[in-house]
Structure formats: C-alpha cells, structure tokens
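**Q** need a structure here:
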Amino acid sequence: MSNQAVEAAQEAVQKSEEIDIRRSPISVAAVVIYMITQFSEEKKLLKDISQATGVAEGTIRNSYKDLYPYASRIIPSWFAKEDELRNLYVPY
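**A** Numbering: from 1, shown residues only. I've put the predicted structure just below:
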C-alpha cells in the first residue's frame, strides 16, 4: 500500500471508532484495508487481506456488510470522493 493509502486507512479506522459497529478492531481494520485498496491500482483480494491480518474471509465479508453503509463517513474525502465511493462493492 502507498503511504497515502496507509494514512487513509489509519484515519478511517479512527473514524470507525465513533460508530457502534460491534466488531473487533482487527476485523474493522481488515475491512478498512480492503476498502482502501479498492481505490488504488494495487487492488487486493479478500484472501490476501485475510492472510495479512489473520481475519477469516467470512468475518471480513460479514464485517464489510456492517461497515459498508458508513463508508462515506469513515473513508477520508481527501482520499476518495463521494462518486468514487459508489464504485465499492455493494454487499447483498
């Protein structure tokens, strides 16, 4: 991840603490990393995030469903604009 992506992920994790998501911090961090990487040229697969964080793919998927509605509140606007957020995968 680029330095800018790392900074965006750190800021997003901090912002996510303001939302009552009821997920472990490592699960939230894994989802944030996944979301942030989707805006870069170095997109990461869910299995790669799972291996890097030690969070099961299913847990990341379920946590993603919980965090997705808050993406515009947690992902820094300087990193991804509102219209770019619409390109995120929409969970069922």
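
**Q** quick one: contacts for residue 55?
**A** Residues near residue 55 by Cβ atoms under 8 Å, 6 or more residues apart in numbering: 26, 27, 30, 49, 63. To be clear about C-beta, it is placed using only N, CA and C from the backbone, and glycine gets the same treatment.

**Q** Do you have the helices of this protein handy? List them.
**A** Remark: helices assigned in the chain by DSSP state H are 3-16, 25-37, 46-53, 57-67, 71-74, 82-85.

**Q** hmm, who's touching the longest one?
**A** When contacts are defined by Cβ under 8 Å, 6+ apart, helix 3-16 is touched by residues 1, 25, 28-29, 32-33, 35-37, 39-40, 67, 70, 73-76, 78-80.

**Q** on that earlier part again, quick one: closest of the helices of the chain to residue 91.
**A** Set against residue 91 and scored by Cβ to Cβ, the helices of the chain come closest in helix 57-67, at 4.2 Å.

**Q** show me where pLDDT drops low in the protein?
**A** 92 (pLDDT under 70).
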